[in-house]
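*Asks:* Give me a model of this one.
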Amino acid sequence: MTTVLFILDIIAALAALTAAWLWYVAGQRPQRRVSKDEDLDHHDFNRLVTGINRSNLLNRRAALATAVSSALVALRLLVDAFI
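*Replies:* Below is the predicted model:
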């Protein structure tokens with residue numbers, strides 16, 4: 001049983017590390033600043049929307065990894081409480 005708990009702890013830690021890495025990558029790409037004096041074309045809008053969408057996707061994945069990590073830690077605590 002201790003092997004199962006150890007594996008559960010390792011998986012929870014890996015999920016937490018994955019979430020941290022995904023949020024780091026999402027925050028690493030700054031959005032392009034737009035001046036009020038410049039004329040925007042469809043290429044500029046496409047770059048902005050693509051950057052925002054990629055950041056949102058990474059944030060959703062990080063949130064999912066955090067939820068998995070939290071669920072695994074909760075499961076670990078429940079198993080430990082009933083043993």
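
*Asks:* what about this protein, any weak spots by pLDDT?
*Replies:* The chain contains residues with pLDDT under 70 at 29-33.

*Asks:* name the helices or strands packed onto the longest helix anywhere in the chain?
*Replies:* Taking residue count as the measure and DSSP state H as the definition, the longest helix of the chain comes out as helix 42-82. With contacts defined as 3 or more CB pairs under 8 Å, 6 or more residues apart in numbering; DSSP states H and E, helix 42-82 has these neighbours: helix 2-28. Yep, even glycine has a C-beta here, placed from its N, CA and C like the rest.

*Asks:* what angle do the helix it packs on and helix 42-82 make?
*Replies:* Orientation check (axes from the mean of the first three to the mean of the last three CA atoms, to 10 degrees): helix 2-28 against helix 42-82 gives 160 degrees.

*Asks:* Distance from the chain centre to helix 2-28, please.
*Replies:* Taking the mean of its C-alpha atoms, helix 2-28 sits 10 Å from the chain's own mean (CA atoms, centre = their mean, to the nearest Å).

*Asks:* try stretch 70-83
*Replies:* On the basis of CA atoms, centre = their mean, the separation between the geometric centre of stretch 70-83 and that of its chain is 23 Å.

*Asks:* how about it as PDB, C-alpha atoms only?
*Replies:* Presented in PDB, the C-alpha positions along stretch 70-83 are these (Å, rounded to 0.1, in the frame of the first residue of the first chain):
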ATOM      1  CA  SER A  70      -5.400  19.000  -6.300                       C
ATOM      2  CA  ALA A  71      -7.700  16.000  -6.900                       C
ATOM      3  CA  LEU A  72      -4.700  13.600  -6.500                       C
ATOM      4  CA  VAL A  73      -3.600  15.300  -3.300                       C
ATOM      5  CA  ALA A  74      -7.200  15.100  -1.900                       C
ATOM      6  CA  LEU A  75      -7.400  11.500  -2.900                       C
ATOM      7  CA  ARG A  76      -4.000  10.900  -1.200                       C
ATOM      8  CA  LEU A  77      -5.300  12.500   2.000                       C
ATOM      9  CA  LEU A  78      -8.500  10.500   1.900                       C
ATOM     10  CA  VAL A  79      -6.600   7.200   1.500                       C
ATOM     11  CA  ASP A  80      -4.300   8.200   4.200                       C
ATOM     12  CA  ALA A  81      -7.200   9.100   6.600                       C
ATOM     13  CA  PHE A  82      -9.000   5.800   6.100                       C
ATOM     14  CA  ILE A  83      -5.900   3.500   6.500                       C
END
